[in-house]
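[1] The sequence and its predicted three-dimensional model are supplied below.
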Amino acid sequence: LETVKKNPARHTVYLAAIYTGLRRAELEALEWGDVMLGAVSPYLAVRASTTKNGKDSDIPLHPILIEALRKLKPAKAKPIDRVLEVPSIEEYREDLQQAEIVYLDERGNKADFHALRKTYGTLMQIAGVNPRTAQELMRHSDIKLTTQIYTDANLLPKVAAIHSLPDINFALHTATPNMAKCGNLSPALSQTQEGTNPLSTNGMGVLGAMSLEMSQGENGAGGGTRTHTDFSAGF
């Protein structure tokens with residue numbers, strides 16, 4: 001993107017590929033009549049005649065792409081005028097070379113134009129977009145395509161995910177009455193020190209009460225004896 005910044009038309013093509021996930025042919029078919037920049041939430045009204053699955057699709061636009069399209073749109077653009085000039089394979093490879101991006105890496109991965117669609121899918125996973133929403137935005141019939149094929153697992157924030165897990169060193173000996181209702185806690189937790197967890201004893205008490213209510217709901221009103229794993233004993 002940085003290397004083609006001086007070419008607004010080419011720059012917008014890559015922004016559109018990255019922020020919409022549209023395929024090469026779908027980008028080439030875009031007309032200004034498909035670009036709804038005047039809507040409250042601007043979007044692309046992609047026509048069924050141009051999509052791979054043969055269905056109409058409304059694709060929301062990222063603010064960066066909205067700005068780029070507004071700058072690119074000619075003052076006298078007609079609804080049937082094409083929006084983008086998608087680079088040829090040769091031009092695309094030249095852009096990669098200029099950006100010092102290898103087309104084929106040592107693992108056999110290709111940085112072809114379609115890889116930008118995988119970038120789109122991976123960015124949504126990194127941003128925490130719900131998988132079902134990501135599937136809809138990518139227009140996949142199978143969610144496995146979205147979460148596996150079109151997600152680069154090497155770029156997922158695995159370290160951040162582990163660091164986001166809560167501290168389980170609760171200060172249990174100052175338990176609230178709600179916690180007392182939960183029954184005996186595991187020895188490992190009952191020996192922890194006071195004040196070592198930012199979730200606080202009160203927070204744990206709420207969890208304990210929730211667990212108790214869930215257990216009573218499953219074993220009481222329904223008339224059955226369904227087994228329930230209590231949060232306080234789950235560790």
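    Received, thanks. Predicted model only: the values in this text are computed from it and were never measured. Residues are numbered from 1 along each chain as shown.

[2] What separation is there between Glu91 and His62?
    Distance of Glu91 to His62, given as C-beta to C-beta, to the nearest Å: 24 Å. For every residue, glycine as well, the C-beta is placed using N, CA and C.

[3] the more surrounded of those two?
    His62 (15 against 12; other C-beta atoms under 10 Å).

[4] surely that one meets Tyr19?
    Yes - counting by C-beta atoms under 8 Å, Tyr19 is a contact partner of His62 at 4.2 Å.

[5] Do a quick rundown of the helices in the protein.
    8-20, 24-28, 63-72, 89-98, 115-126, 131-138, 143-144, 158-163, 177-180, 187-190, 200-216 (DSSP state H).

[6] Could you export these as a markdown table, including mean pLDDT and distance to Asp56?
    A markdown table is the format used below for the helices of the chain (pLDDT from 0 to 100; distance: least, C-beta to C-beta, whole Å):
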| stretch | mean pLDDT | distance to Asp56 |
| --- | --- | --- |
| helix 8-20 | 96 | 15 |
| helix 24-28 | 96 | 12 |
| helix 63-72 | 97 | 20 |
| helix 89-98 | 95 | 28 |
| helix 115-126 | 92 | 19 |
| helix 131-138 | 91 | 13 |
| helix 143-144 | 88 | 21 |
| helix 158-163 | 88 | 36 |
| helix 177-180 | 53 | 52 |
| helix 187-190 | 43 | 55 |
| helix 200-216 | 43 | 44 |
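
[7] Let me know which of these is the nearest to Asp81.
    With C-beta to C-beta, the closest approach to Asp81 among the helices of the chain belongs to helix 63-72: 11.4 Å.

[8] Just the terminal-to-terminal distance for stretch 32-47.
    12 Å (C-alpha to C-alpha, to the nearest Å).

[9] can you pull the buried residues of that stretch?
    Trp32, Asp34, Val35, Pro42, Tyr43, Leu44, Val46, Arg47 (16 or more other C-beta atoms under 10 Å).

[10] Turn those into CSV, including pLDDT and distance to Thr146.
    Formatted as CSV, the buried residues of stretch 32-47 follow (pLDDT from 0 to 100; distance: C-beta to C-beta, whole Å):
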residue, pLDDT, distance to Thr146
Trp32, 98, 29
Asp34, 97, 24
Val35, 97, 25
Pro42, 97, 24
Tyr43, 97, 20
Leu44, 96, 19
Val46, 94, 18
Arg47, 95, 23
